[in-house]
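A.B. asks: quick one: sequence plus predicted model below, questions after.
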Amino acid sequence: MTLQIKNVTKRYTGKNEVLAVDNVSLEIGENEFISIVGPSGCGKSTLLRMVAGLESITDGEIIFNGKKVEGTNAERGMVFQQYTLMPWRTVLQNITFGLEVKNIPKEERLTIARKYIQMIGLEDFENSYPYELSGGMQQRVAIARTLANDPQIVLMDEPFGALDAQTRSMLQNHLLKIWETDKKTILFITHSVDEAIYLSDKVVIMSARPGKIKEIVDINIERPRSRISAEFLDYKKRIYDSLKEEVLKSYR
Ligand SMILES: Nc1ncnc2c1ncn2[C@@H]1O[C@H](COP(=O)(O)OP(=O)(O)OP(=O)(O)O)[C@@H](O)[C@H]1O
């Protein structure tokens, strides 16, 4: 098991105390693709941030590859809702930054960065600065930057939320390709039930106040291994509506 979230609780203290995540347990195996859906404020981001090591845990523990999560680590890469690119670096330089920190030789850095620039469809913008890009394009650079660092688990918080439908669909398929070929483990937050069903092995449905797991729907029954195959599209057509109904039933 790659990631174990064990009875994790997060309570924000301060003027207004909030029980954001209440006794949540979840296990994620190697190369699994798990989506989390649920109403706004149900603790999805808080949970992901605790896995990333960006948020302290009030109670319980998170174990990644046998080690307790304490603070951030490059093996757990996060794509944020509110991304921040370095404004003084170009697209290419933003993506190579993490590779420079790891002392990867320049030629290799450029090869890796260009693979992801191609994935996000911004080949013509590698020398542009963030202010020259739209919000959605900047978000794509932030996704490429995280993936280029080759984390073992990719933690994605509504990564495609701000994108137009066509770009969203393109990036979903690129992400699936990376997931399949590079054997990544992915934990993905989305507000789109369609997206969750299309991408994931399992959909975790959370409920709010306090943030708890309501149900986990296994999407993998009868599913062809490859999401980017004709067989998958056929499978999706046959089984999709009943899966969506099952997720929505819990969501309501
Ligand atoms: N830093 C903080 N201090 C106090 N309360 C917080 C903080 N961050 C989040 N919360 C509260 O914790 C709860 C869960 O928030 P969180 O952002 O995890 O929800 P979410 O499910 O990701 O929401 P959304 O779908 O809108 O992004 C909310 O009630 C929110 O107000």
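C.D. replies: Yep, that arrived.

A.B. asks: what about the strands in the chain?
C.D. replies: Counting by DSSP state E, the chain has strands at residues 3-12, 18-28, 33-37, 59-64, 67-68, 76-79, 153-157, 185-189, 202-207, 212-218.

A.B. asks: got JSON lines for those strands, with distance to the ligand, mean neighbour count and mean pLDDT too?
C.D. replies: Where you see a C-beta, it was placed from the backbone N, CA and C, and this is true even at glycine. Putting the strands of the chain into JSON lines (distance: least, Cβ to the nearest ligand atom, whole Å; neighbours: other Cβ atoms under 10 Å; pLDDT from 0 to 100) gives the following:
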{"stretch": "strand 3-12", "distance to the ligand": "3", "mean neighbour count": "18", "mean pLDDT": "96"}
{"stretch": "strand 18-28", "distance to the ligand": "3", "mean neighbour count": "19", "mean pLDDT": "96"}
{"stretch": "strand 33-37", "distance to the ligand": "8", "mean neighbour count": "25", "mean pLDDT": "95"}
{"stretch": "strand 59-64", "distance to the ligand": "15", "mean neighbour count": "17", "mean pLDDT": "97"}
{"stretch": "strand 67-68", "distance to the ligand": "22", "mean neighbour count": "10", "mean pLDDT": "95"}
{"stretch": "strand 76-79", "distance to the ligand": "13", "mean neighbour count": "23", "mean pLDDT": "90"}
{"stretch": "strand 153-157", "distance to the ligand": "7", "mean neighbour count": "23", "mean pLDDT": "95"}
{"stretch": "strand 185-189", "distance to the ligand": "7", "mean neighbour count": "24", "mean pLDDT": "96"}
{"stretch": "strand 202-207", "distance to the ligand": "7", "mean neighbour count": "22", "mean pLDDT": "93"}
{"stretch": "strand 212-218", "distance to the ligand": "12", "mean neighbour count": "16", "mean pLDDT": "91"}
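
A.B. asks: can I get the ones you listed in CSV including distance to residue 105?
C.D. replies: As requested, the strands of the chain are exported to CSV (distance: least, Cβ to Cβ, whole Å):
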stretch, distance to residue 105
strand 3-12, 31
strand 18-28, 33
strand 33-37, 31
strand 59-64, 28
strand 67-68, 29
strand 76-79, 21
strand 153-157, 24
strand 185-189, 27
strand 202-207, 39
strand 212-218, 43
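
A.B. asks: out of those, the one nearest residue 133 is which?
C.D. replies: strand 76-79 (16.3 Å; Cβ to Cβ).

A.B. asks: the closest one pairs with which strands, and in what direction?
C.D. replies: Partner strands for strand 76-79, per DSSP bridges, with pairing direction: strand 153-157 (parallel).

A.B. asks: and for the strand it pairs with, what's in contact with it?
C.D. replies: Taking Cβ atoms under 8 Å, 6 or more residues apart in numbering as the criterion, the residues outside strand 153-157 that touch it are 2-3, 28, 44-45, 48, 51-52, 64, 75-81, 143, 146-147, 184-189.
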